[in-house]
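[1] Got a predicted structure here, sequence first:
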Protein chains: 2
Amino acid sequence: MINAVLLDLAGVVYDGNRAVSGAAAAVSRLRASGLPLRFVSNTTRSTKHAVLERLASLGLPVSSDELFTPAEAACNWLRDHRRSPHLLVHPDLKSDFRDVPAADRKAVVVGDAGDAFDYRLLNEAFRQLIGGAELLALAPNRAFKDRDGELSLDAGPFVAALEYASQTTAFVLGKPAPEFFRSALATIPCPAEHAVMVGDDAETDVAGALGAGLGQALLVRTGKYRVGDETRFEPSPTAVVRDISVAVDWILAQRCA
Amino acid sequence: MINAVLLDLAGVVYDGNRAVSGAAAAVSRLRASGLPLRFVSNTTRSTKHAVLERLASLGLPVSSDELFTPAEAACNWLRDHRRSPHLLVHPDLKSDFRDVPAADRKAVVVGDAGDAFDYRLLNEAFRQLIGGAELLALAPNRAFKDRDGELSLDAGPFVAALEYASQTTAFVLGKPAPEFFRSALATIPCPAEHAVMVGDDAETDVAGALGAGLGQALLVRTGKYRVGDETRFEPSPTAVVRDISVAVDWILAQRCA
């Protein structure tokens, strides 16, 4: 039984500044079916506002409460735990944190800072950590598909560097944190076992969703997908499909069966 | 029974550009005792030649065949395994690799590149690794005592980042690789169980040496030492002493006992 669909964005719905072929029509078919839909993205190079604008410009209007981002989850965590963020994130993402109240204790927040990752900033974050700050990873992704079509380092390796240096373990806010999937499903509401996730990352999207208790998870062969990804992580995908169009056909067919 | 002494350099013999108080006299006492002595350093910001010059300028003449560096071990590995180095090291260290013969296959060599660690170079190294290059870590140290007296990121965290990103495990050349300690002792020659190591790093020097089978390892409370280090890693030090002077007294007393 499928009662809700969670969709990844980069590599599934869009690739860089272009929509994945057939993505807008596929999302429309899902919406027309009446199946509740949420978007769960680990992208941390843009504000939530910028992601929504990009989606609209691609003919995919998404409302703010349908989109879940790690930065938003981090802001909630910081408020709940009364911590000020020490940001090691992309310059474009900083404004997502401007409303977090100041606090005495700190948490180092690591996103995909891209070219902004340098020795000085990593060392400053390290010194905060050995001084007692907590470590928050917006996303632990190893790599993403870069503009040149090749894989490039995502936030995860820099989180791993800081964990190793400071002998701490990061708290992960985005996928594959079970709480991230569940917080999106809670707004429907839909129990995890009746939900399906669609993503291009066999680790954070697929194994992550299944590990969080989702009933099914589809791996699309777009975006960062590389041959063999489906066997690289456990649990393995419920199905591997060409793209989001086939994923939506699969979901709608399951519903009718 | 102690038949040989291995000494770490940074934090034990010198601290930045200054000798540790009493270090030159302590090394002289050791030499006068007739105990064979080797220096095993994980420093990768300077060439072997520069390290020898620094030692001489501090009144501590050391010959080239008494000093063992990870870069030298890496060059031997690259020759033996017929690999060309893709260097992610401090600019000052590059000349230590100039005599490695060219080869078709590559190995990414990571040292403490300091400010030269940036996103672009790390990403280039990552792409080499997912393209099939091997990963060599000159040293896995987490941190070192920086010029401002605080800890700063050493090579280890960047090795951890690349391991995580590419899902590979680095081959370590310097301490705590058992082969590194043993190759120094082989030049004496002295069986590992009759040797003592003196270092300020409870993990790579002390636990590393004991793990490599050395009979004893002393932790000095100079350099990067922080209160509690002696209980942070296993195996724990044979003894914790104030500095190299007390370490040498301890070693010479053991010899007479």
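    Sure, I can see it. Numbers count the residues shown, from 1 in each chain, chains lettered A, B, ... in the order given.

[2] thinking A:Asp115 is in contact with B:Leu121, fair?
    No: the criterion here is Cβ atoms under 8 Å, and A:Asp115 misses it with B:Leu121 at 11.3 Å. (Glycine included, C-beta is placed from N, CA and C.)

[3] between these two, who's got more neighbours?
    Legend: neighbour count by other Cβ atoms under 10 Å in any protein chain shown for A:Asp115 and B:Leu121, higher for B:Leu121 (14 against 11).

[4] Contacts only, for the more buried one.
    B:88, B:113 (Cβ atoms under 8 Å, 6 or more residues apart in numbering or on different chains).

[5] A:Trp250 contacts A:Leu218, doesn't it?
    Yes: here A:Trp250 reaches A:Leu218: they are 6.6 Å apart, a contact under Cβ under 8 Å.

[6] Quickly list what's touching both of the two.
    A:239, A:241.

[7] Pick out whichever of these two has more residues nearby.
    A:Leu218 (25 against 18).

[8] Now the more buried one: phi and psi?
    A:Leu218 adopts backbone torsions of phi -100, psi 140, taken as degrees, to the nearest 10.

[9] Equivalent analysis for A:Asp146, please.
    Per degrees, to the nearest 10, the backbone of A:Asp146 is at phi -90, psi 170.

[10] Not including adjacent chain positions, what is the nearest residue to it?
    Among residues not flanking A:Asp146 along the chain, A:Ser152 sits closest, at 3.9 Å (Cβ to Cβ, 6 or more residues apart in numbering or on different chains).

[11] Would you agree that neighbour falls within a strand?
    Yes: checked against DSSP: H, G, I helix; E, B strand; the rest coil, A:Ser152 lies within a strand.

[12] My guess is it contacts B:Asn123. True?
    Yes: judged on Cβ under 8 Å, A:Ser152 makes contact with B:Asn123 at a distance of 5.3 Å.

[13] What does the pLDDT read for A:Asp243?
    Note for A:Asp243: predicted pLDDT of 98.

[14] Report the contact partners of it.
    Taking Cβ under 8 Å, 6+ apart as the criterion, A:Asp243 is in contact with A:20-23, A:220-222.

[15] What about these, which one has the most neighbours?
    A:Val220 (28 neighbours).

[16] Please list all residues in contact with it.
    Counted by Cβ under 8 Å, 6+ apart, A:Val220 has contacts A:11-12, A:198-200, A:240-244, A:246-247.

[17] now the contacts of A:Asp243 as JSON lines including pLDDT and secondary structure?
    Converted to JSON lines, those look like this (pLDDT from 0 to 100; DSSP: H, G, I helix; E, B strand; the rest coil):
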{"residue": "A:Val20", "pLDDT": "97", "secondary structure": "coil"}
{"residue": "A:Ser21", "pLDDT": "96", "secondary structure": "coil"}
{"residue": "A:Gly22", "pLDDT": "97", "secondary structure": "coil"}
{"residue": "A:Ala23", "pLDDT": "98", "secondary structure": "helix"}
{"residue": "A:Val220", "pLDDT": "98", "secondary structure": "strand"}
{"residue": "A:Arg221", "pLDDT": "98", "secondary structure": "coil"}
{"residue": "A:Thr222", "pLDDT": "97", "secondary structure": "coil"}
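
[18] Which of those residues sits closest to chain B?
    Within the contacts of A:Asp243, proximity to chain B (Cβ to the nearest Cβ) peaks at A:Arg221, which comes in at 18.1 Å.

[19] any idea how far the nearest residue to that closest one once chain neighbours are set aside lies from chain B?
    Counting by Cβ to Cβ, 6+ apart, A:Arg221 lies nearest to A:Arg242, which is 5.7 Å off, once chain neighbours are set aside. Distance, A:Arg242 to chain B, by Cβ to the nearest Cβ, to the nearest Å: 24 Å.
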